[in-house]
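Undergrad: Just need the structure, nothing else, for what follows:
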Amino acid sequence: MSNAIAYPVFRTPDPVLALRVARQLVAVGDRHCAEVSVDVELCTVPEVLRIREALPDAWFRKEDVEDWAQDPSDPTGLHGGVHAPELSSDPGFLSSRLPLWASMEYRPVGSVEEEFAALVGPNIGEIWWSGLFWPDAPDRDIHGEPSNARVSLLFNCRTQGLDERSDDHTVLVHVRRRNRDGSEERHASWLAEQIGQTVIGPPQE
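TA: Predicted coordinates:
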């Protein structure tokens, strides 16, 4: 099984512009089987309640590894995920479980991106498009890629781990990780060129 490697190709403090560039990159690939997912970290009760109201089909979860280990049965259900309509609005319950993550996964392309980008605000979040198929570029010795072709847009963060806050938003192109012989970066660079961009940083795995 192969793995993906991601390269940053665009960065801006403007979330609308970041989404526009990400969509341009998505359009380079075949989108016949593509899907889109979103995820956002919520660190305050008002933010949890705001997103719960705005995205009634979102699922909320907790990602505290230590707490998960202490109580694998998780009677709150937050590690397994709670659908927005079933999530308690009690401030005491929520405040003791922050931060919470809200996500919607594998939706039709074009169905959630604009709404999510408008809602994410100062929170760390991500939109990722999966199920793409990168085209061939025979003149550059680049072959079509179906299994690791993805685009991600990181809000207020620069790393795939969503663990380094920043004041800007980063678009990443994902390609198949091969032998680290330069072919991955050549592929990412060629994809970026199709929308007038370039690789702007080291790869992320």
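
Undergrad: Phi and psi next, for the residue of the chain most remote from its centre.
TA: Largest separation from the mean C-alpha position in the chain: D139, at 31.3 Å (CA atoms, centre = their mean). Dihedral pair for D139: phi -70, psi -20, per degrees, to the nearest 10.

Undergrad: Can you list the residue ranges for strands in the protein?
TA: 3-12, 35-42, 59-61, 82-83, 100-108, 125-130, 150-155, 169-177 (DSSP state E).

Undergrad: want to throw those strands into a markdown table with distance to Q204, mean neighbour count and mean pLDDT?
TA: Every residue, glycine included, has its C-beta placed from N, CA and C. Shown next, in a markdown table, are the strands of the chain (distance: least, CB to CB, whole Å; neighbours: other CB atoms under 10 Å; pLDDT from 0 to 100):
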| stretch | distance to Q204 | mean neighbour count | mean pLDDT |
| --- | --- | --- | --- |
| strand 3-12 | 5 | 20 | 95 |
| strand 35-42 | 16 | 22 | 98 |
| strand 59-61 | 23 | 20 | 95 |
| strand 82-83 | 30 | 16 | 94 |
| strand 100-108 | 20 | 17 | 96 |
| strand 125-130 | 13 | 23 | 98 |
| strand 150-155 | 10 | 25 | 98 |
| strand 169-177 | 7 | 25 | 95 |
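
Undergrad: least trustworthy helix or strand in the chain by mean pLDDT?
TA: When the helices and strands of the chain are scored by mean pLDDT, DSSP states H and E, helix 65-70 comes last with a mean of 48.

Undergrad: List the buried residues for stretch 105-118?
TA: 109, 112-113, 116-117 (16 or more other CB atoms under 10 Å).
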